[in-house]
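A.B. asks: the sequence and its predicted three-dimensional model are supplied below.
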Amino acid sequence: MPVARRRIDVAEGAAAVDRWRNAAGPSPDLPPVPRAVLATAVRYTLEEVTARAPGNSVEVRVPPFGVTQCVEGPRHTRGTPPNVIECDAATWLAMVTGQLSWAEAVAAGKVAASGLRADLSALLPL
């Protein structure tokens, strides 16, 4: 299955994630980084998840910054997909950087996950 072309340069995306990580420290709360850096970090990591697990069976939403479809499996064509994951930017970046585990985020109610395939624990951290 072909992977969509990246929109965020890999070096630029990795730099944004590093900048967020350095500002965030051990806390998953929103760090004091510019909104543009936060947006780049989120969009880059969404692209990275899709590159590592291409497919269309799970939709990952990190409003207001981005959304992606990933993980092989049944494809939906209309309406809300059957497998949806949604969280805020700070939680998403904490999970992809290993500061917060998938299980911890779900248990704390920081991630809304619905559907049989809505589990990214095998993919996170990146």
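C.D. replies: Yep, it's here.
A.B. asks: for Arg6, give me its contacts.
C.D. replies: Taking Cβ atoms under 8 Å, 6 or more residues apart in numbering as the contact definition, Arg6 lies against Glu47, Ala51. In short, each C-beta sits where N, CA and C put it, glycine included.
A.B. asks: go again with 10 Å.
C.D. replies: Taking Cβ atoms under 10 Å, 6 or more residues apart in numbering as the criterion, Arg6 is in contact with Gly13, Arg43, Tyr44, Glu47, Glu48, Thr50, Ala51.
A.B. asks: so which bits of stretch 115-126 are buried?
C.D. replies: Judged by neighbour count (16 or more other Cβ atoms under 10 Å), stretch 115-126 contains these buried residues: Gly115, Arg117, Ala118, Asp119, Leu120, Leu123, Leu124.
A.B. asks: now render the residues you listed as TSV, adding distance to Pro81, pLDDT and secondary structure.
C.D. replies: As requested, those are exported to TSV (distance: Cβ to Cβ, whole Å; pLDDT from 0 to 100; DSSP: H, G, I helix; E, B strand; the rest coil):
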residue	distance to Pro81	pLDDT	secondary structure
Gly115	8	87	coil
Arg117	10	85	coil
Ala118	9	89	coil
Asp119	14	91	coil
Leu120	14	93	coil
Leu123	17	93	coil
Leu124	19	94	coil
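A.B. asks: many thanks, have a good one.
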